[in-house]
Structures are given as structure tokens and as C-alpha cells.
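Trainee: coords below, sequence missing:
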């Protein structure tokens, strides 16, 4: 694909209306700015033999109904609802640069709300659906949000739990118009939850359908106002503010300008263009509340994708029927596919069957991917693109790419990114994608940059002779043994990364005379390994398999770095339990605190 037509920097919402204009150029006398009934298009009709040019009948999204059937949301409806919702927000007093939170699971209305917030000149502040009441309340309060979009009963209840902190909030839009907020609040009150009074609810809560209706009236009164408004938004304006995962300490607000995101998008398209085409079909489960998921929506808006929305538990099972050209995911999903494929005598054919046989663009992000998985896919003719970055860099700094990749690296710097290593090996970054500073936190901002303006990533790295970046460790995670040896635990943990059986490995031993390892296994991969080795499925066999892996790692380590003992840990590490971030990075302190007894037992404690 020639990326040139898409490289001009712009705000994300404009890409949608650019696409609509392009589609309508070949559509005679069609008005594309009004909601229309859903056409009964089936997902089997979608292919990429030719680019769609009918915004009223061409699906931008497919969503699954309760009966399992796929229902289309047209490009026309998508654009129309963005316009109406934008006008509603402005009518409720949303001013340019004001923050609006979205606290909801994935749904089309999430994307619509995000685009409308930006079209009104506001700033999107996503909140992970896994956040507790206290965490969500912190983000809302700290961001000074005046508007909230929310969905689902559990998340509404979490809002109710912190309603006294929402003094600045004027508007709360419920994305599912079938939810009865008053009834939910009533039952919550009967259960002893401190709920807001009826007047508080009536002043703030609005159904999504009502918001669209009100907004349409304003839009119809002045149809030119919407276009003028988005044209007035400058690239230098902040478009979104994401809160860091909070691996340590409270999360920090990371404001990103449209220019930051556009610069990263430009580089991303240039690097990945050989693997992309307009009009592709993608299957999306990634949380839109994370920049990875939001980026997937944005690239689909730009390139005219047809996106099938699904949930994390259904994504892999849907691949054979949706048959996407594009699938972006985290390592666990690619590893699961690899494990299933290698159970067959012809893994390449199995991969094609498992993924639908049309995959062209595969992206893995959020954490490191095991090398054996990348090699398996590459052997099947698919490059699993992997890179490195952080929220403060909008987010990507490096990428492996079709014309330059090494599976033992996270790729080369993006075209507009400069990287260098500090004296201690910390990766430092500079470029138009790097943010300017944390929200209301000048001390943290000062600490995040070198005196000459380079972003401190907090990661230790090294460059290969041919210019690829390798991640060695997190700077802060250093264990000091009782013998005074400084050991970066992630350096050792990284050596288990390419093992399908070990899902997470956590080294422990600060202040101890030797190191031990907590192991969380992949049950399916372990079962497959036991079967292959003709071993009974019991604790002794499982320990034998893990010990063999530790032995292979130990021979590569200095004596003081070797693992002396290990334990297969329970329960599993999940984002919901607070032990890993939504992007699957381990929260070392929380794991140490929760599993300390099991770790200490390995020392006879």
C-alpha cells in the first residue's frame, strides 16, 4: 500500500469524515450526515475485492447480537452519531481542552464518544473497565473531568460509590440506553450503598439515545457549525490524556497532543504500509481504553477497515469465521494460537485454519513475545510485528518491520524518533511523539526528562551492531543479595520468555543469599508437554518439566544469579487481581507482597 495519501497530520476524527467524503464521491446525490436504519448486511458479504463506496450501506463495524448474529453499523451512522453527540456535548457546556472520561467496556458507542469529545475540542480520558471505584474516582477527580461516559451496571455502581468526589462533573451519559439509572440506584441504596440523591442523578445522567436526539436538533439548526468546529482544532491541542498503569505509586496523567499522536501514526504507517491495504477486515478485542486499542480504531478509521468488535474470551474462537486480514493482540493470544497449531502435524496449515486463512497484518504489543512464536508464524509466511514504547511516547518508539526485523529485538527506532543510551544503559528518547509533561505533577515531569530534554524511559537497553534495540531490564527493579550483588531480575525472567509452558516467571531474593523463582504456568501448554513426554499429570511431573527449564537457564547465568529453588504458584496473575497491568506487565511489588509467604517458604521460612 502507498501510505502517502494518509500521511498528512490531522486529528483522528477528521479521518472519518475524510473517508465519508471519499466514499460519497462515487455516490450520487446521497446525504450522508443523518442516522439511517441498519441494513441487514451479513458478515459473509464483506470482502476486500473492491473498496466500498456507499456510506449508507457499507459497515464500519459489526457487533454481535444476543442471538449470535452479526449486526452492521454503517459508516454513515457512525459519522452521523459523532456529529450529533458532538453538538450535544457542546450544548452541555463542554469547552475546548476540558476533560471527558469514558468508563465503559468496548462497544461502538465508546469509539463514537471518543471521536465526539475530540470533535468538540475536548480531551478523552479513558478509564480501564477493571478499575476499582477508588481508582476510577482518582482519575475522574485528578483529571478535572466535567463529563463521563459510562456503561454496564457494575461500572455504574462503582461511580455511585465515589459520587461525592465528582463535584466537577456536569454530565454523565449512559451508553446503553436500556439501563435504568434510577432503578439501579434504588436497588444499590437498598443494598446499603451510599447513592446520590434523585436530584443529583436527574441533573447529570442522560441516556445515549437522548443525547443523540438533543444533538441532532442542534446539528440540524446549523449544519456548517460542526465542520467549522473541527477545522478550528489545532494539532498543538491536547486530544487525549491516558493514565499510566501505576506499576508503582498512583497513576499519572499523560496528556498527548494531536501532533504527538499524528507523528507516531505517520511513522507507524510508513513502517507497516507493505503489510496493509485499504478496506481490510479486522477483529478487535483490545480495550479501547488503552492506547493500543484506541490506535486500532484510529487506523481502521483512516484505512476504511470493517471492524468486528468482540470480547477477550471470544476473540480466538471467532478468527476462523470472521477471517480477518488484521489482528492486533497481546502475546498471550499469539502464544495460545502457536500452542494449538503445534499440536498438529502440519502447524502451518493449522495456523491458517485457526486464523481463517486471510491474515496479512499481525501486531503484538503490551509485553515481550516469545521468540519461538514469532518464528512459527514467520515460517507460515506471517511476520508478527513487534515493537517497544510507552504511553509518554504516544506510544511507539521502535518497530520491527517487513524490511528490517530481528526476533531477538524490539526493532529499530521509528523515522522521527531519536534514541540514545545513558551511561547506566537507560533508554532515552526524543521526538515529536514525546509528551511535554504529566498533568498537575511538575516534580514527576522534571524527573521524567534529562536536563537536555530527553525522555527517561525507565528501561535498560542495548543496541545490536546493526542498530536494533534490545530491552535488558527495568531500571528500578534491582535485587541486592546479602552478598552485595546487584541483580536485575527482569534480565533473568526474560530468559524464560520464549518458553510456552511458563506464562510468568518472577525472581525473588532481595537481601537473601540466593535467588528463587515463582512460576505461573500455561495449563494447556503444560498438558501438551506432559503428553508429549508421556508423563503422568501430577505435581512431580510438572516440577520435573519446570526444573529442566531452570537448569537450561542457570547454565547461562553467573553463579550468584542462578535460581536455586522454585515453586509453581497459585492463583493465576490477572489484571483484575491487581498483579499485572492491563498490558500484561507484572506488578512486582504487589506480587511480592501477596506471595511473600510462598516465596519465603523456599528459604525454609
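Mentor: Perfect, thanks for sending it. This is a predicted model, so every value here is computed, not measured.
Trainee: going forward, measure contacts and count neighbours with C-alpha atoms only.
Mentor: Will do.
Trainee: just how off-centre is the helix or strand residue 80 falls within within its chain?
Mentor: According to DSSP states H and E, residue 80 maps onto helix 75-91. Its chain's C-alpha centre and that of helix 75-91 lie 25 Å apart, by Cα atoms, centre = their mean, to the nearest Å.
Trainee: for it, buried residues please.
Mentor: Neighbour counts over helix 75-91 (16 or more other Cα atoms under 10 Å) mark 75-90 as buried.
Trainee: that one packs against which elements?
Mentor: Using 3 or more Cα pairs under 8 Å, 6 or more residues apart in numbering; DSSP states H and E, the elements in contact with helix 75-91 are helix 12-24, strand 59-64, helix 108-119, helix 208-221, helix 224-231.
Trainee: C-terminal to that helix, what's the next element?
Mentor: Towards the C-terminus, the helix or strand next in line after helix 75-91, according to DSSP H and E, is strand 99-103.
Trainee: what packs against that following strand?
Mentor: In this structure, strand 99-103 packs against helix 108-119, strand 123-126, strand 147-150, with contacts taken as 3+ Cα pairs under 8 Å, 6+ apart.
Trainee: rerun that using 10 Å as the cut-off
Mentor: Contact here means 3 or more Cα pairs under 10 Å, 6 or more residues apart in numbering; DSSP states H and E; on that basis strand 99-103 packs against helix 108-119, strand 123-126, helix 133-142, strand 147-150, helix 153-161, strand 171-174, strand 238-243.
Trainee: who does it pair up with?
Mentor: Strands flanking strand 99-103 in the sheet, each with its direction: strand 123-126 (parallel), strand 147-150 (parallel) (DSSP bridges).
Trainee: highest average neighbour count across those strands?
Mentor: Each of the strands paired with strand 99-103 was given a mean neighbour count from mean count of other Cα atoms under 10 Å, and the largest, a mean of 29, is that of strand 123-126.
Trainee: low-confidence stretches in the stretch 351-500 of the chain?
Mentor: Counting by pLDDT under 70, the stretch 351-500 of the chain contains low-confidence ranges at 476, 483-484, 486.
Trainee: repeat that for the chain.
Mentor: 26-53, 245-249, 476, 483-484, 486, 605.
Trainee: tell me how it divides into domains.
Mentor: Domain assignment of the chain by automatic domain parsing yields the ranges 73-243, 479-601.
Trainee: show me the one of these that comes nearest residue 423.
Mentor: For these, distance to residue 423 was read as Cα to Cα. The smallest value, 16.4 Å, belongs to domain 479-601.
Trainee: from the chain's centroid, how far away is the closest one?
Mentor: The chain centroid and the centroid of domain 479-601 are separated by 26 Å under Cα atoms, centre = their mean.
Trainee: columns mean neighbour count on top of the helices and strands packed on helix 75-91, output as JSON lines?
Mentor: As requested, the helices and strands packed on helix 75-91 are exported to JSON lines (neighbours: other Cα atoms under 10 Å):
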{"stretch": "helix 12-24", "mean neighbour count": "19"}
{"stretch": "strand 59-64", "mean neighbour count": "22"}
{"stretch": "helix 108-119", "mean neighbour count": "25"}
{"stretch": "helix 208-221", "mean neighbour count": "18"}
{"stretch": "helix 224-231", "mean neighbour count": "13"}
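Trainee: just put those in TSV and tack on distance to residue 571.
Mentor: Supplementary listing: these in TSV, determined by distance: least, Cα to Cα, whole Å:
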stretch	distance to residue 571
helix 12-24	41
strand 59-64	32
helix 108-119	32
helix 208-221	39
helix 224-231	49
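Trainee: which one of the ones you listed lies closest to residue 286?
Mentor: helix 108-119 (12.5 Å).
Trainee: the inter-axis angle of that closest one versus strand 59-64?
Mentor: With axes from the mean of the first three to the mean of the last three Cα atoms, to 10 degrees as the basis, helix 108-119 and strand 59-64 are set at 140 degrees to each other.
Trainee: tell me the angle of helix 108-119 relative to strand 238-243?
Mentor: With the same axes, to 10 degrees as the basis, helix 108-119 and strand 238-243 are set at 130 degrees to each other.
Trainee: after the longest strand belonging to the chain, next one along is what?
Mentor: Looking across the chain with DSSP state E, the single longest strand is strand 455-463. For strand 455-463, the following helix or strand on the C-terminal side (DSSP H and E) is strand 469-474.
Trainee: can you spell out which helices and strands pack onto that following strand?
Mentor: The contact analysis (3+ Cα pairs under 10 Å, 6+ apart) places strand 469-474 against strand 384-389, strand 412-413, strand 426-430, strand 455-463, helix 489-493.
Trainee: for the strands paired with strand 99-103, which one sits closest to residue 505?
Mentor: Of all the strands paired with strand 99-103, strand 123-126 sits nearest to residue 505, with 30.0 Å by Cα to Cα.
Trainee: next one: that closest one to chain centre, how far?
Mentor: Here strand 123-126 is found 14 Å from its chain centre; the criterion is Cα atoms, centre = their mean.
Trainee: equivalent analysis for stretch 265-285, please.
Mentor: In terms of Cα atoms, centre = their mean, the centre of stretch 265-285 is set 16 Å apart from its chain centre.
Trainee: what's the answer for stretch 173-191, then?
Mentor: 28 Å.
Trainee: what do you get for stretch 142-151?
Mentor: The chain centre lies 20 Å from the centre of stretch 142-151; the measure is Cα atoms, centre = their mean.
Trainee: for stretch 466-474, same thing?
Mentor: Put simply, stretch 466-474 sits 22 Å off its chain's centre (Cα atoms, centre = their mean).
Trainee: may I see the buried residues of that stretch?
Mentor: Residues of stretch 466-474 classed as buried: 468, 469, 470, 471, 472, 473, 474 (neighbour count, 16+ other Cα under 10 Å).
Trainee: just stretch 565-582 next, same as before
Mentor: Within stretch 565-582, the residues that qualify as buried are 566, 567, 568, 569, 573, 575, 578, 579, 580, 581, 582, counting by 16+ other Cα under 10 Å.
Trainee: ok, which of the helices and strands packed on strand 99-103 comes nearest residue 188?
Mentor: Between residue 188 and the helices and strands packed on strand 99-103, the tightest spacing by Cα to Cα is seen for helix 153-161, at 7.4 Å.
Trainee: so what touches that closest one?
Mentor: Applying Cα atoms under 10 Å, 6 or more residues apart in numbering, the external contacts of helix 153-161 come out as 103-105, 129-137, 140, 148, 150, 163, 165-166, 174, 176, 179-181, 184-185, 188-189, 193-196, 201.
Trainee: buried subset of the residues you listed, written for ChimeraX?
Mentor: Once 16+ other Cα under 10 Å is used to decide burial, the buried members of the contacts of helix 153-161 can be selected in ChimeraX as follows:
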select :103,104,105,129,130,131,133,135,136,137,140,148,150,163,166,174,176,181,184,185,188,194,195,196,201
